[in-house]
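> predicted model, plus sequence, below.
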Amino acid sequence: MNTLTQDELKGVLQYDPETGVLRWRVSPAGNVPQGSIAGCATGDGYWRVSILGHRYKAHRLIWLLVAGHWPESEIDHINGNATDNRYTNLREAIRAENVRNTRMYRNNTSGFKGVGKKGKTWQAYIRFNGIRQHLGIFDTPEAASAAYEAKAAELFGEFRRNRPPGT
């Protein structure tokens, strides 16, 4: 599937490690000038680049350029920003690790990840390896969030997103 080599990629793209931006080393088409930014953002928030009729996620191309090989599994954006393709913001991750570094769901009503209303109190919970664990009932959402954050640090390690309260 990934037959593109590092040398072939280096022949057509240049990478700026400070910005994470890929630029065309050679013009890929008559209407795309050499030196222009390669690819475009898509609806899912990732940057994609087309090379010889194949579409690639930019972060996977950057992994090939810098690490010298295709990633064996998924690539996780450490800061959660899918368009921040600086190599220092990328790491290989299995699916379960990548999911642990997700943002709070849009339908969250408490304002805290892993916290929900239970009557007049707040419940903290976390999902790990497909199992939802109850972490306790608390008087405030902040206290429930602290319980979630402590357990996330224990279970998720480096794949726990460092987030300010309420995000």
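Cool, the structure landed.
> any idea how far the residue of the chain most remote from its centre is from A147?
The centre of the chain is farthest from one residue, K120, which by CA atoms, centre = their mean lies 35.1 Å away. From K120 over to A147 the distance is 18 Å, taken as CB to CB, to the nearest Å. Placement of C-beta: from N, CA and C, glycine included.
> please apply the same query to V12.
Distance from V12 to A147, by CB to CB: 50 Å.
> check I137 too.
10 Å.
> for these two, indicate the residue with more neighbours.
A147 (20 against 14; other CB atoms under 10 Å).
> isn't the more buried one right up against F138?
Yes. With contact defined as CB atoms under 8 Å, A147 counts as touching F138 (6.8 Å).
> what residues are shared contacts of those two?
Applying CB atoms under 8 Å, 6 or more residues apart in numbering, one finds that A147 and F138 are jointly contacted by A124.
> got a list of contacts for the helix or strand bottoming out on mean pLDDT in the chain?
None of the helices or strands of the chain scores lower by mean pLDDT, DSSP states H and E than helix 95-100, at a mean of 75. Residues outside helix 95-100 that contact it (CB under 8 Å, 6+ apart): S73, E74, D76, N129, A152, L155, F156, F159, R160, R161.
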